[in-house]
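Asker: Here is a sequence together with a model predicted from it:
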Amino acid sequence: MTRPVACVTGAGSGIGAAIAAMLGSRGYHVVVTDIDGPSAQKVADSIESAQACSLDVTDPGACDELVNGVVAQHGRLDVWVSNAGISKMQRFVDISPADLARNFEVNVYGVFYCGQSAARAMIALGTPGRIINTASMAAKQGRVPFLADYVASKFAVLGLTQAMAFELAPFGIRVNSVCPGFVATPMQTRELAWEAELRGSDPEAVKQSWINDTPLARLETPEDVAKVVAFLASDDADFLTGESISVNGGAYMD
Ligand SMILES: NC(=O)c1ccc[n+]([C@@H]2O[C@H](COP(=O)([O-])OP(=O)(O)OC[C@H]3O[C@@H](n4cnc5c(N)ncnc54)[C@H](O)[C@@H]3O)[C@@H](O)[C@H]2O)c1
């Protein structure tokens with residue numbers, strides 16, 4: 001029996017790297033993908049059964065090519081995690097059309113293209129696959145400063161998750177999202193600096209304000225998110241689809 005195969009996008013850093021490691025520890029063969037190929041390779045090297053591939057999620061042809069290559073090599077594709085995402089903090093009135101377009105290209109179109117490629121393969125293989133999208137706490141509430149384009153893109157991920165779940169259910173494919181809060185990753189380090197500058201504050205003060213906003217009183221770790229993704233990928237979640245699970249220490253409750 002071969003290992004089940006899981007692909008993770010944006011897995012060269014932060015949350016994606018933790019998801020790849022978590023799925024590896026649960027017995028999956030992990031395909032670690034990122035637009036930054038060397039980072040993906042480094043993460044794959046630390047996992048028992050893994051391989052690295054460069055993948056820009058904004059390129060639908062590349063998504064198809066990657067999925068077809070994985071299926072040709074392993075004969076299966078069980079789990080797809082669309083995790084790649086970008087952010088740039090700025091005031092709503094300052095967001096340029098180019099920044100808005102780039103945000104949607106990665107955060108929405110990337111999830112869309114990858115979901116299509118993975119679903120096509122899972123349907124062709126007759127696999128009861130699982131697709132998990134990394135959304136955000138900012139996918140459920142717009143009370144988030146300086147991230148209007150990001151908020152809009154993550155709300156779109158929730159709608160897309162539900163539409164995919166509905167259409168893919170007849171094929172036995174489950175589709176869900178995770179909605180993290182304030183997760184300590186390189187993205188967060190960039191956001192702390194941006195928010196501090198925009199508020200005329202300093203990054204440590206901003207970080208403390210985020211912890212103060214979190215009832216469980218600490219920053220979230222990438223592993224906090226990865227454990228929920230592993231649950232959604234598992235048979236323990238086998239009657240769960242179209243959901244968007246908050247994992248944020250209580251920072252936003254819905
Ligand atoms: N860090 C947080 O607090 C937080 C909170 C909620 C949601 N998220 C979401 O979690 C996901 C991961 O975020 P993170 O904090 O680990 O960020 P990160 O910046 O540490 O990692 C993101 C990874 O995505 C890759 N990437 C960027 N553009 C890509 C593209 N076009 N194709 C493929 N890969 C690409 C980057 O190279 C990087 O390795 C994102 O979707 C983000 O929006 C993060």
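Answerer: In hand now; what should we look at?
Asker: doesn't Thr33 fall inside a helix?
Answerer: No. Assignment of Thr33 by DSSP: H, G, I helix; E, B strand; the rest coil gives strand, placing it outside any helix.
Asker: list the contacts for the nearest residue to it once chain neighbours are set aside?
Answerer: Closest residue in space to Thr33, ignoring its immediate chain neighbours: Leu55 at 3.9 Å, by CB to CB, 6 or more residues apart in numbering. In short, each C-beta sits where N, CA and C put it, glycine included. The neighbours of Leu55, taking CB atoms under 8 Å, 6 or more residues apart in numbering as the test, are 9, 33-35, 62-63, 66.
Asker: hmm, try it at 6 Å
Answerer: 33, 62, 66 (CB atoms under 6 Å, 6 or more residues apart in numbering).
Asker: Find the helix or strand that the last one is a member of.
Answerer: The reference is to Leu66. Assigned by DSSP states H and E, Leu66 belongs to helix 60-74.
Asker: That helix: what's the following helix or strand?
Answerer: Counting by DSSP H and E, what follows helix 60-74 is strand 79-82.
Asker: quick one: that next one near the ligand?
Answerer: No. Under the criterion of CB under 6 Å from any ligand atom, strand 79-82 makes no contact with the ligand; the nearest approach is 8.2 Å.
Asker: Point out where the chain drops to low pLDDT.
Answerer: 1 (pLDDT under 70).
Asker: Determine how far stretch 30-47 lies from the middle of the whole chain.
Answerer: Distance of stretch 30-47 from its chain centroid, counting by CA atoms, centre = their mean, to the nearest Å, is 15 Å.
Asker: With stretch 240-254 instead?
Answerer: The answer for stretch 240-254 is 14 Å, by CA atoms, centre = their mean.
Asker: same question, stretch 195-211
Answerer: Worked out by CA atoms, centre = their mean, stretch 195-211 lies 25 Å from the chain centre.
Asker: same check, this time on stretch 52-59
Answerer: 14 Å.
Asker: May I have the phi/psi pair for the residue nearest the centre of the chain?
Answerer: Closest residue to the average C-alpha location of the chain: Asn83 at 2.0 Å, with CA atoms, centre = their mean. Main-chain dihedrals, Asn83, degrees, to the nearest 10: phi -110, psi -20.
Asker: Just confirm it contacts Asn133, I think it does.
Answerer: No. With contact defined as CB atoms under 6 Å, Asn83 does not count as touching Asn133 (7.8 Å).
Asker: tally of neighbours for Phe231?
Answerer: When neighbours are defined as other CB atoms under 10 Å, Phe231 has 17 of them.
Asker: Helix, strand or coil: sort out it for me.
Answerer: helix.
Asker: List the contacts of Leu216.
Answerer: So Leu216 contacts 249-250 (CB under 6 Å, 6+ apart).
Asker: that older thread, now do the helix holding Leu66: everything it contacts.
Answerer: Residues contacting helix 60-74 (CB under 6 Å, 6+ apart): 5, 31, 53, 55-56, 77, 113-114, 117-118, 121.
Asker: Could you do stretch 222-229 as well?
Answerer: 14-15, 18-19, 22, 132, 178, 180, 245, 247.
Asker: Return the residues of the chain in contact with the ligand.
Answerer: Counting by CB under 6 Å from any ligand atom, the chain sits next to the ligand at 9-10, 12-16, 34-36, 39, 55-58, 83-87, 106, 110, 134, 136, 180, 182-183, 185-188.
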